[in-house]
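Engineer: Following is a predicted model, sequence given first.
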Amino acid sequence: MKRVFFLLLFSSASFSVFSQVRTTETAFVSFYSELEDVLAENYSGISDLNTETGQLIFSFAIQSFMFENATMQKHFNEEDVMHSRTFPRAKFVGEITNNASVNYQKNGDYKITVKGSLTIKETTLPIETKAMIRIENGKIYASATFTLDRFLYGIDGKDGSISQMLDLTVKAEYE
């Protein structure tokens, strides 16, 4: 009887821990370069959000960025730009620093701060940005817009083909 009780207790504790992690496989990221009016979009990001701790992870396949211009897309994946064969993913690992201010059980909009590290190619740098979480009928919507200096991550490419500073937008819908 003790065994059954502990098994049930362990199972319910495990379930409650796992239910805190919300995931998506359709996270969105885009970047925009004003210099040449270039927009690239990626709808296949993977993300985990732990609502209890605020831990947040995003991962995007570099080759999944789509451009209007196929030549630009090909160039983006080549060695002198993203070198996507050697560095196939970009990844953010961080946390919501004010996670306690978000009531995941109540509909509403919550201003948050996200802090962590972003790895692109072989470079990992700290990043901090303001973001928004919207809770709507049990779903969690997260979004952020920030500027990224591509040179800091070793993203060179042809001179004058794209801005040094890129406008990034990240969105995720967690079930």
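Structural biologist: Nice, I can see it. Given the structure is predicted, the values throughout are model-derived calculations rather than measurements. Numbers count the residues shown, from 1 in each chain.
Engineer: which stretches of the protein aren't confidently modelled?
Structural biologist: Within the chain, the segments meeting pLDDT under 70 span 1-19.
Engineer: where does stretch 67-83 sit relative to the chain's centre, distance-wise?
Structural biologist: In terms of Cα atoms, centre = their mean, to the nearest Å, the centre of stretch 67-83 is found 21 Å from the chain centre.
Engineer: Quick check, central residue of this protein?
Structural biologist: Centroid-nearest residue in the chain, with Cα atoms, centre = their mean: Phe58, separated by 3.4 Å.
Engineer: Ser47 touches Glu175, doesn't it?
Structural biologist: No - counting by Cβ atoms under 8 Å, Glu175 is not a contact partner of Ser47; they are 11.6 Å apart. Heads up, the C-betas are built off the backbone N, CA and C, glycines and all.
Engineer: where do the contact lists of those two overlap?
Structural biologist: Listed contacts common to Ser47 and Glu175 are Thr23, Thr24; contacts here mean Cβ atoms under 8 Å, 6 or more residues apart in numbering.
Engineer: Who has more neighbours out of those two?
Structural biologist: Ranked by neighbour count (other Cβ atoms under 10 Å), Ser47 and Glu175 place Ser47 first, with 24 against 8.
Engineer: how far away is Asn69 from Glu36?
Structural biologist: From Asn69 across to Glu36, the span is 10 Å (Cβ to Cβ, to the nearest Å).
Engineer: Contacts for the helix or strand hosting Ser47 next, please.
Structural biologist: Assigned by DSSP states H and E, Ser47 belongs to strand 38-50. Contacts to strand 38-50, defined as Cβ under 8 Å, 6+ apart, come from residues 20-33, 55-61, 64-69, 72-73, 76, 140, 142, 162, 170, 172, 174.
Engineer: Going by neighbour count, which residues of that strand are buried?
Structural biologist: Val38, Leu39, Ala40, Asn42, Ser44, Gly45, Ile46, Ser47, Asp48, Leu49, Asn50 (16 or more other Cβ atoms under 10 Å).
Engineer: Roughly how far does the second one sit from Asp167?
Structural biologist: Per Cβ to Cβ, Leu39 is found 9 Å from Asp167.
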